[in-house]
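>>> My questions are about this predicted structure, shown below with the sequence.
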Amino acid sequence: MSAISIGQAAILGIVEGITEFLPVSSTGHLKITEGLMGIPVDDTSVVGFTAVIQVGAIAAVLVYFFNDIVRIVSAWGRGLAHREQRYHHDYKFAWWVIYATIPIVIVGLAAKPLIEGPLASLWVVAGSLVAGSAVM
């Protein structure tokens, strides 16, 4: 028996679609919605479903920004190959994206046991969303 019904999947898809492009946590909203619908949020099939519907949103972003991504990656490659290209804005921007990603990866890997453990509680997720909205 499936952990998620077709109706629940549709609701979760709508929540993902609405919240993905807002300055809020779409994952947090999915977790809370799953909890409110009685879906076991720690079930591996539920986690997998959440990942799959988020891949759709990521694919939409990649399609929408495809030309920009190609332009920036191309500028970065040209800058690596030719010193005179390193003054181009897109080359510098690519490096800033890389620099900004490194600390996120380090913190994410270091905090993985916390994120998968005590911080996975629906109360922590809800509290984080409330605190984040207060900051905004």
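In hand now; what should we look at? None of these values were measured; they are calculated from a predicted model. Numbers count the residues shown, from 1 in each chain.
>>> looking at this protein, which residue lies furthest from center?
E84 (35.0 Å; CA atoms, centre = their mean).
>>> does that residue count as helix, strand or coil?
Three-state assignment for E84 (DSSP: H, G, I helix; E, B strand; the rest coil): helix.
>>> now it: how far from Y91?
The spacing between E84 and Y91, counted by CB to CB, to the nearest Å, is 10 Å. C-beta coordinates here come from the backbone N, C-alpha and C atoms, glycine included.
>>> same thing with W123?
W123 is 45 Å from Y91, where distance means CB to CB.
>>> ok, the two, which is more surrounded?
Y91 (19 against 8; other CB atoms under 10 Å).
>>> Ignoring the adjacent residues along the chain, who's closest to that one?
If the residues on either side of it in the chain are set aside, Y91 comes closest to G79, at 3.6 Å by CB to CB, 6 or more residues apart in numbering.
>>> check contacts around the one you found.
The contact partners of G79, taken as CB atoms under 8 Å, 6 or more residues apart in numbering, are 85-86, 88, 91, 94.
>>> I53 too?
When contacts are counted by CB under 8 Å, 6+ apart, I53 touches 12-13, 16, 30.
>>> same question, T19
Taking CB under 8 Å, 6+ apart, one finds 25-26, 29-30 in contact with T19.
>>> With I69 instead?
When contacts are counted by CB under 8 Å, 6+ apart, I69 touches L62.
>>> What helix or strand is it located in?
helix 66-81 (DSSP states H and E).
>>> Let's test this: mean pLDDT of that helix, rounded?
Average pLDDT, helix 66-81: 97.
>>> Buried residues, it. List them.
For helix 66-81, the neighbour count (16 or more other CB atoms under 10 Å) marks 72, 75-76, 79 as buried.
>>> likewise stretch 87-103?
Result for stretch 87-103 [16+ other CB under 10 Å]: buried residues 90-91, 94.
>>> same check, this time on stretch 45-64
Applying 16+ other CB under 10 Å to stretch 45-64 flags 46-47, 49-50, 53, 57 as buried.
>>> Helices - which of those residues land there?
46-47, 49-50, 53, 57 (DSSP state H).
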